[in-house]
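Asks: structural data only, the sequence is not supplied:
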Ligand code: GLN
């Protein structure tokens with residue numbers, strides 16, 4: 001077997017190969033570790049490798065299969081996991097100094113489900129500290145490179161997961177998305193990224209950033225793989241009271257063309273603006289033309305409150321961040337500094353344990369929640385959030401799915417925006433409204449026109465947004481888009 005076997009290995013192909021006995025789960029897991037050792041020196045996608053555990057897991061699966069146990073969709077599939085998701089006994093740092101050397105004491109619900117399905121965990125991937133950022137430059141440990149151009153960022157905050165999949169260092173990965181952190185890195189790295197409906201996937205065992213916005217979701221090479229992973233990790237969980245019963249039946253994995261053709265797609269005027277990079281506009285035109293060729297109808301729509309989404313998010317998100325991160329005091333767990341007295345201990349632990357961006361958001365969040373400013377900021381932002389949601393409700397009376405760019409530009413250069421938080425925040429302008437409304441959305445790589453193949457082009461993703469719990473619509477369209485020549 002050679003590294004090239006790994007290059008076009010999807011969940012689906014791996015599953016076929018395992019069934020045909022072309023390889024064992026152990027052989028593939030071992031091959032991944034060899035390749036990671038060689039290649040991740042350039043990319044820096046992983047923070048931690050779980051080689052012994054993964055190989056033992058894979059071996060156990062091979063033995064069970066040899067005894068005649070049935071193969072499921074995810075049996076033996078090697079996955080990369082964002083380092084804010086807990087795997088019992090393994091380090092989990094959220095790429096922060098404050099959690100350096102901390103080990104998880106239980107499995108996140110998504111991990112328990114994947115373990116049950118027989119998946120193998122290769123390791124934990126790099127991210128922006130506590131998932132705050134859009135470039136993975138906010139990690140305290142390392143800078144992850146975009147596999148398509150090492151001078152550029154992979155996006156963020158799930159940059160390590162997106163880069164791992166794009167560089168064939170895992171078959172698929174999990175990330176988390178609070179304002180775009182699965183979709184934007186998927187777009188920058190040329191992979192598929194799904195942000196599920198709020199409540200479709202349990203957040204139990206995800207280190208919380210902003211609890212009313214966070215969702216875990218898959219990063220994969222194909223839309224079909226995203227559907228397979230999503231199906232396994234979604235559903236009701238007693239440990240997360242915001243989860244719902246989900247039953248997608250056969251629709252997720254076997255969408256019918258006759259149903260997909262009937263879906264109407266809306267194009268919101270507020271998202272097709274002059275600030276888009278020309279290559280992004282061009283890419284969107286090509287996607288629309290391809291989807292029209294499937295027989296899908298398009299309609300212009302308006303989401304008038306889009307202009308308030310970023311400011312609304314940068315009040316609600318930090319408010320929740322300030323509450324969620326209060327627990328990291330360096331006393332109960334994680335990194336602890338020397339100090340003279342208790343106050344000094346808190347100051348040093350939090351002042352040195354958290355990075356700049358995290359501190360900025362905690363301070364901002366504490367301010368908007370303070371009694372004198374609560375009504376002026378936090379309450380008002382909640383009302384604006386409702387208006388944004390209602391825009392989508394109205395649009396979904398006219399159309400079934402909404403198509404937009406994922407980000408205004410392709411991947412930017414490392415260092416280009418890290419000194420200017422506002423320009424960094426703007427890269428999530430098309431993904432944030434979706435989290436505020438709790439809707440499902442997927443980022444799918446635009447297929448580059450064959451005539452452009454001579455130039456090396458940076459990947460660009462398009463976003464499909466669906467109604468609540470209608471992942472089947474967006475993934476269905478995506479699966480047919482993928483099949484087009
Ligand atoms: N980039 C956005 C932010 O910095 C979104 C982060 C996320 O989705 N976790 O908040």
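Replies: Arrived safely. Computed from a prediction, not measured in an experiment: that's the story for all the values here. Residues are numbered from 1 along each chain as shown.

Asks: give me the element residue 309 is part of.
Replies: Using DSSP states H and E, residue 309 maps to helix 309-324.

Asks: would you mark the buried spots in that helix?
Replies: 309-310, 312-324 (16 or more other Cβ atoms under 10 Å). From N, CA and C alone the C-beta is placed, and that goes for glycine too.

Asks: gap between it and the chain center?
Replies: In terms of Cα atoms, centre = their mean, to the nearest Å, the gap separating the centre of helix 309-324 from the centre of its chain is 19 Å.

Asks: picking that back up, so which of the buried residues of helix 309-324 comes closest to the ligand?
Replies: Relative to the ligand, the closest of the buried residues of helix 309-324 is residue 317; by Cβ to the nearest ligand atom it sits at 5.8 Å.

Asks: contacts for the helix holding residue 309, please.
Replies: The contact list for helix 309-324, computed with Cβ atoms under 8 Å, 6 or more residues apart in numbering, reads 130, 132, 178-179, 208-213, 358, 361-366, 368-369, 377-378, 380-382, 384-385, 388, 425-426, 428-429, 432-433, 435-436.

Asks: can you rerun that using 6 Å?
Replies: Residues outside helix 309-324 that contact it (Cβ atoms under 6 Å, 6 or more residues apart in numbering) are 179, 208, 210-211, 361-362, 364-366, 368-369, 377-378, 381, 384-385, 388, 429, 432-433.

Asks: ok, now which ones touch the closest residue to residue 96 other than its chain neighbours?
Replies: In space, and not counting its chain neighbours, residue 96 is closest to residue 129: 4.7 Å by Cβ to Cβ, 6 or more residues apart in numbering. Residues counted as contacts of residue 129 (Cβ under 6 Å, 6+ apart) are 95-96, 138, 355, 358.

Asks: please repeat the previous calculation with a cut-off of 8 Å.
Replies: 94-96, 138-140, 354-355, 357-358.

Asks: in strands, which of the residues you listed fall?
Replies: Among those, no residue falls in strands (DSSP state E).

Asks: considering these, which possesses the most neighbours?
Replies: Ranked by neighbour count (other Cβ atoms under 10 Å), the contacts of residue 129 have residue 95 at the top, with 32 neighbours.

Asks: next one: phi and psi at it?
Replies: With angles defined as degrees, to the nearest 10, residue 95 sits at phi 60, psi 30.

Asks: near the ligand, from the buried residues of helix 309-324?
Replies: residue 317 (Cβ under 6 Å from any ligand atom).

Asks: what residues does this protein put near the ligand?
Replies: For the chain, the residues in contact with the ligand (Cβ under 6 Å from any ligand atom) are 131-134, 157, 177-181, 209, 317, 428.

Asks: can you map out the strands along this structure?
Replies: Taking DSSP E, the strands of the chain run over residues 46-49, 78-82, 120-125, 172-177, 192-195, 215-220, 264-268, 297-301, 401-405, 441-445, 461-466.

Asks: just say which of these is most tucked in.
Replies: Comparing these by mean neighbour count (mean count of other Cβ atoms under 10 Å), strand 192-195 ranks first with a mean of 33.

Asks: gap between that strand and the chain center?
Replies: 6 Å.

Asks: partners of that strand in the sheet?
Replies: strand 215-220 (antiparallel), strand 441-445 (antiparallel) (DSSP bridges).

Asks: redo those as TSV? Include mean pLDDT.
Replies: Rendered in TSV, the data for those read as follows (pLDDT from 0 to 100):
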stretch	mean pLDDT
strand 215-220	98
strand 441-445	98
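
Asks: make TSV out of the ones you listed and add distance to residue 113.
Replies: Shown next, in TSV, are those (distance: least, Cβ to Cβ, whole Å):
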stretch	distance to residue 113
strand 215-220	11
strand 441-445	20
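
Asks: rewinding a little: which one of the contacts of residue 129 is nearest residue 29?
Replies: Comparing the contacts of residue 129 against residue 29 with Cβ to Cβ picks out residue 95 as the nearest, at 24.6 Å.

Asks: now do the same contact list for the closest one.
Replies: So residue 95 contacts 47, 83-84, 126-130, 138-141 (Cβ under 8 Å, 6+ apart).

Asks: and residue 333, by the same measure?
Replies: Contacts of residue 333 by Cβ under 8 Å, 6+ apart are 99, 102.

Asks: how close does it get to residue 100?
Replies: 11 Å (Cβ to Cβ, to the nearest Å).

Asks: ok, residue 274 next?
Replies: To residue 100, residue 274 is 45 Å away according to Cβ to Cβ.

Asks: so which residues of the stretch 101-250 of the chain form helices?
Replies: According to DSSP state H, counting those that start in this stretch, the stretch 101-250 of the chain carries its helices in the segments 109-116, 159-166, 183-189, 223-233.

Asks: could you dump these to JSON lines with mean neighbour count and distance to residue 59?
Replies: Conversion of the helices of the stretch 101-250 of the chain to JSON lines gives the following (neighbours: other Cβ atoms under 10 Å; distance: least, Cβ to Cβ, whole Å):
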{"stretch": "helix 109-116", "mean neighbour count": "21", "distance to residue 59": "15"}
{"stretch": "helix 159-166", "mean neighbour count": "35", "distance to residue 59": "22"}
{"stretch": "helix 183-189", "mean neighbour count": "35", "distance to residue 59": "31"}
{"stretch": "helix 223-233", "mean neighbour count": "25", "distance to residue 59": "22"}
